[in-house]
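**Student:** Make a model of this:
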Amino acid sequence: MEKFFKNDSRLGIPVPDLDREWEWEAYPAEVQDRILLHWENIRGSIPDRIVDLEKIINKKQSQLEDEQDFKKSCCLNSEIAELASVINELWLWYRTSQDVTGKIHL
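**Tutor:** The predicted structure is shown next:
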């Protein structure tokens, strides 16, 4: 399945990387089934990934509460914002829906 997915180091999950449009005639049915099954397994891991990132955010927010150095506070804020952005993108991937009648929006 590595052929159809690429690891996104920012998100911490593999994401679809199809070499052609998702159409029923573009990939044999057996390949489509394997791609969809693999995606559903990845998709199922997204909530756990989000929980892990939320824990990191909570830790950084606790550090921010006690931080006296302005530069360090700015850095922590930036890190928190980046993690929140990753969470937002993960939710978008999680909500990606499939239309079995012809197209998949990946």
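**Student:** residue ranges of the strands in this structure, please?
**Tutor:** With DSSP state E as the criterion, the chain has strands at 5-8, 13-16, 98-99, 103-104.
**Student:** Now do the second one: distance to the chain's middle.
**Tutor:** So the one you mean is strand 13-16. Taking C-alpha atoms, centre = their mean, to the nearest Å, one finds the center of strand 13-16 at 7 Å from the center of the full chain.
**Student:** In terms of secondary structure, what does it contact?
**Tutor:** strand 5-8, helix 29-66, helix 70-94 (3 or more C-beta pairs under 8 Å, 6 or more residues apart in numbering; DSSP states H and E). Yep, even glycine has a C-beta here, placed from its N, CA and C like the rest.
**Student:** Which of the residues in the longest one are classified as buried?
**Tutor:** Think helix 29-66. By neighbour count with 16 or more other C-beta atoms under 10 Å, helix 29-66 contains the buried residues 32, 35-36, 38-39, 42-43, 46, 49-50, 53, 57, 60, 64.
**Student:** how about those in CSV, adding pLDDT and distance to A26?
**Tutor:** Converted to CSV, those look like this (pLDDT from 0 to 100; distance: C-beta to C-beta, whole Å):
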residue, pLDDT, distance to A26
Q32, 89, 9
I35, 91, 11
L36, 90, 14
H38, 94, 17
W39, 93, 16
I42, 95, 20
R43, 95, 21
I46, 97, 25
R49, 98, 29
I50, 98, 31
L53, 98, 34
I57, 98, 39
K60, 98, 43
L64, 96, 48
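**Student:** Going by distance to S78, which of the residues you listed wins?
**Tutor:** Nearest to S78 among the buried residues of helix 29-66 is K60, at 10.0 Å by C-beta to C-beta.
**Student:** pretty sure that closest one is touching L76, no?
**Tutor:** Yes. Using C-beta atoms under 8 Å, K60 makes contact with L76 at a distance of 5.3 Å.
**Student:** For K3, see how far away the most centrally placed residue in the chain is.
**Tutor:** Nearest to the mean C-alpha position of the chain, counting by C-alpha atoms, centre = their mean, stands L90 at 3.4 Å. Per C-beta to C-beta, to the nearest Å, L90 is found 23 Å from K3.
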